[in-house]
Structures are given as C-alpha cells and as structure tokens.
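Undergrad: return atomic coordinates for the entry below.
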Amino acid sequence: MGEQSPSFPVPNAFELLCVLYAHRLPARLEDLAGPSHGTVDLPLHVAWSGRRSYDVEQSKSRMGLYRTVLAEGQREDLIDSLNRELLIEQWPVLRKLVSSPIRLVWEAAFPELAAARTATAA
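TA: As a prediction, this is how the structure comes out:
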C-alpha cells in the first residue's frame with residue numbers, strides 16, 4: 001500500500017518554532033520590566049537543568065540569562081526577567097547566540113532590535 005500525502009500543507013519545524021516564539025512575545029518592549037542590577041533566579045520551568053541564578057550586572061552572566069529566557073521562557077518570564085534597555089544594548093551579540101526562529105521573530109516584532117543590529121554593523 002502506497003503512502004498518501006496529506007491534503008493540507010504540513011508546516012516545517014522552523015515555521016512551528018516561529019509561531020511558538022511569536023505567541024510568547026510581550027506586547028511591546030517597554031513591557032520588559034526585568035532588573036538591571038542584582039541577581040535573577042529562574043524558575044524550574046525555565047531552567048530545569050544546570051544554572052538557575054544569574055548576576056545581571058556581569059555581561060557574560062546576563063547573556064546566559066537572556067539566552068535561556070528567550071529560548072525557554074513564557075511571556076511572563078520574559079517580562080519579569082528581561083530588561084528593555086539591557087536587551088537592546090546586548091542584542092547585536094545576543095542575536096548571534098540565539099536560534100534563527102528567536103532572532104527572526106524578535107526582530108520582526110520589535111524594530112528597535114533590528115535597528116540595534118544595523119547600527120553596530122555600520
């Protein structure tokens with residue numbers, strides 16, 4: 001018996017990830033009210049293995065925090081853990097450390113991030 005193709009298009013993994021990440025986005029970057037100083041302790045549903053505590057004032061630690069939250073956090077985690085100004089400031093480097101679907105969705109939704117990317121490229 002031959003395999004029948006479905007009568008509807010099947011999205012690929014990239015498209016599915018883009019949809020998933022788009023549903024998690026805050027309404028606007030100004031909603032990101034995370035700290036700019038101190039330590040952030042991630043909940044288990046975001047960081048279930050390995051490091052859970054990050055010092056926001058140390059660039060390398062903050063980069064790890066943002067990378068983890070962007071990949072694994074839900075909308076409230078993004079709002080509570082990420083800081084708008086710090087995200088924009090480190091986006092030119094951070095965008096190279098996150099997956100393509102995350103980068104695409106965030107830059108499409110927030111022109112400030114795309115501008116931060118092109119400002120440092122010039």
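Undergrad: just how off-centre is stretch 36-45 within its chain?
TA: Chain-centre distance of stretch 36-45: 15 Å, with CA atoms, centre = their mean, to the nearest Å.
Undergrad: for it, buried residues please.
TA: 40, 42 (16 or more other CB atoms under 10 Å). For glycine as for every other residue, the C-beta is placed from the backbone atoms N, C-alpha and C.
Undergrad: and stretch 91-104, by the same measure?
TA: Neighbour-count burial for stretch 91-104, counted by 16+ other CB under 10 Å, picks out 91, 94-95, 98, 101-104.
Undergrad: can you put the residues you listed in TSV and add secondary structure, pLDDT and distance to Glu30?
TA: Output for those, formatted as TSV (DSSP: H, G, I helix; E, B strand; the rest coil; pLDDT from 0 to 100; distance: CB to CB, whole Å):
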residue	secondary structure	pLDDT	distance to Glu30
Trp91	helix	97	15
Leu94	helix	97	19
Arg95	coil	97	20
Val98	coil	97	21
Pro101	helix	97	23
Ile102	helix	98	20
Arg103	helix	97	21
Leu104	helix	97	21
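Undergrad: list just the nearest of these to Pro9.
TA: Nearest to Pro9 among the buried residues of stretch 91-104, counting by CB to CB, is Pro101 at 18.2 Å.
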